[in-house]
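S.K.: Turn this into a structure:
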Amino acid sequence: MLSFTGAAEASFEALLPDLLKLDMTTRVPRVEVPVYFAVGRHDLMAPPSVAATYFDQLVAPRKEWIWFEKSAHFPQWEEPEEFQGLLQRVLRESAPRK
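M.R.: The predicted model follows:
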């Protein structure tokens, strides 16, 4: 039975060749929904510079870059209260107005 870490490593190895060929700026240049990038300041798995390149070129009705200063790749676990606050804010802001 694989552990979480073992499963993540196996997935990474299986997906890496395709990920290296993927150019999101040409594959998905535009979306029709709001987009929020929750980015760990210390992420070495998905460097913020790579995400920033895509973020800058992505066309969306709304887009927001949110830094998680004490996080690496998993801000939802590394800063759970802050991440929960982000989700609550996004839901509040996107709720239909009465």
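S.K.: rest of the way, CA atoms for contacts and neighbours
M.R.: Will do.
S.K.: can you pull out the helices in the chain?
M.R.: 4-21, 24-27, 48-57, 75-78, 80-94 (DSSP state H).
S.K.: The third one packs against which elements?
M.R.: It refers to helix 48-57. Applying 3 or more C-alpha pairs under 8 Å, 6 or more residues apart in numbering; DSSP states H and E, one finds that helix 48-57 contacts helix 24-27, strand 35-40.
S.K.: Can you tell me which of those has the worst average pLDDT?
M.R.: Mean pLDDT is lowest for helix 24-27 among the helices and strands packed on helix 48-57, at a mean of 93.
S.K.: for that one, which positions count as buried?
M.R.: Neighbour counts over helix 24-27 (16 or more other C-alpha atoms under 10 Å) mark residue 24 as buried.
S.K.: Likewise for stretch 25-37?
M.R.: Across stretch 25-37, burial judged by 16+ other C-alpha under 10 Å covers residue 35.
S.K.: In the protein, where is pLDDT below threshold?
M.R.: Across the chain, the ranges flagged by pLDDT under 70 are 1-2.
S.K.: re the thing from before, would you mind finding the most buried of the helices of the chain?
M.R.: Neighbour counts (mean count of other C-alpha atoms under 10 Å) averaged over each of the helices of the chain peak at helix 75-78, with a mean of 16.
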